[in-house]
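>>> pasted the sequence and its predicted model underneath.
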Amino acid sequence: MSGTPKMADIASDDTEAAVNSTDQSAVDPSGMTAAAQEQALAELKARADDNWDKYVRALAELDNVRKRTQRDVDNARKFALERFAADLLAVRDSLELGLTTGEQNDAAAIRAGFEATLKLLTSTMEQFGIREIDPHGEPFDPQLHEAITMQPSDHVEPGSILTVFQKGYTLNGRLLRPARVVVSAEPATKT
C-alpha cells in the first residue's frame, strides 16, 4: 500500500504546486493577476473618464443650443414685422407727401393722392396675408362678423348683412378683426 498515494498527500501537493506556479504574483479567484487587474482597472477608468467627458460636452452643447434657440426666438419676436414695417414706411411717406402738396392743390388732386395711398396700403397688407372682409349682402357669419344691430328689411333675406360699419380683416386665414355689421331681420308685419 505504500505505492498508493493518500488523499491528504495529493491535496498537499496540489496546493504547493499552485503556490509555486504563481511566480510570486497574486492570483484572485477569477484567475487574473494583480498586473492584469490593474491594467483592466486603468482601461475601465479611461473609459469612464472618456464617457464623463462626452457627458459634460453633451451638456454644454445642449445648453448652447438652448441659449441659441432662445436668442433666435427673441430676435424673431423683435424683428418679425421688420419687412412689413419697411413697406408701411412707403405708405407713411405717401401720406406726408399728400399733406404737404395738399396745401397747394385742389380737392381732386388731394383725393387722387389719398386713393393712391390707400391702394398702396391695401397692396402692402395683401402682400403680408392681411385680407379684407367686406361682407355686404352676404349671410351673417358669427365667426367673421359682429352684429351691431338688426334692422327689418323687405329687400334682402333675413339674416343677411345690410350695412357694413367697419370692415373686418383676416391674417393668413385667421380672424384679425371681425366686420361690424347691421343684419337684416324679418320685416314688421302690418296689423
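Nice, thanks for sending it over.

>>> tell me which stretches of this structure form helices.
For the chain, helices defined by DSSP state H occupy the ranges 7-21, 34-79, 82-102, 107-127.

>>> bridging residues for residue 33?
Residues found in beta-bridge contact with residue 33 (criterion: DSSP bridges) are residue 27.

>>> point out where the protein drops to low pLDDT.
Residues of the chain meeting the criterion pLDDT under 70: 1-30, 102-103, 190-191.

>>> still on that earlier bit, so which of the helices of the chain gets nearest residue 152?
helix 107-127 (33.8 Å; Cβ to Cβ). Every residue, glycine included, has its C-beta placed from N, CA and C.

>>> just checking, what packs against that closest one?
Applying 3 or more Cβ pairs under 8 Å, 6 or more residues apart in numbering; DSSP states H and E, one finds that helix 107-127 contacts helix 82-102, strand 130-133.

>>> just those: most buried one?
strand 130-133 (a mean of 15; mean count of other Cβ atoms under 10 Å).

>>> if we can go back for a sec, what would the helices and strands packed on helix 107-127 look like in JSON lines with distance to residue 142?
JSON lines is the format used below for the helices and strands packed on helix 107-127 (distance: least, Cβ to Cβ, whole Å):
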{"stretch": "helix 82-102", "distance to residue 142": "29"}
{"stretch": "strand 130-133", "distance to residue 142": "13"}
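
>>> tell me how far residue 119 lies from residue 169.
When distances are taken as Cβ to Cβ, to the nearest Å, residue 119 and residue 169 turn out to be 17 Å apart.

>>> residue 158 now?
Taking Cβ to Cβ as the criterion, residue 158 is separated from residue 169 by 27 Å.

>>> quick one on the thing from earlier: residue 119 and residue 169 - which one has more neighbours?
The neighbour comparison of residue 119 against residue 169 (other Cβ atoms under 10 Å) goes to residue 169, with 16 against 12.

>>> and that one, bridged to which residues?
Under the criterion DSSP bridges, residue 169 forms beta bridges with residue 132, residue 177.

>>> my read: it touches residue 180, true?
No - using Cβ atoms under 8 Å as the test, residue 169 is too far from residue 180 to be in contact (11.8 Å).

>>> so who does the residue most central in space within the chain touch?
Ranked by distance to the mean C-alpha position of the chain (Cα atoms, centre = their mean), the top residue is residue 73 at 8.0 Å. By Cβ atoms under 8 Å, 6 or more residues apart in numbering, the contact list for residue 73 is empty.

>>> make residue 1 into 18 and carry on from there
Got it, the first residue is 18 from now on, which makes the last one we talked about residue 90.

>>> do you know how far it is from residue 51?
Noted for residue 90: a distance of 58 Å to residue 51, by Cβ to Cβ.
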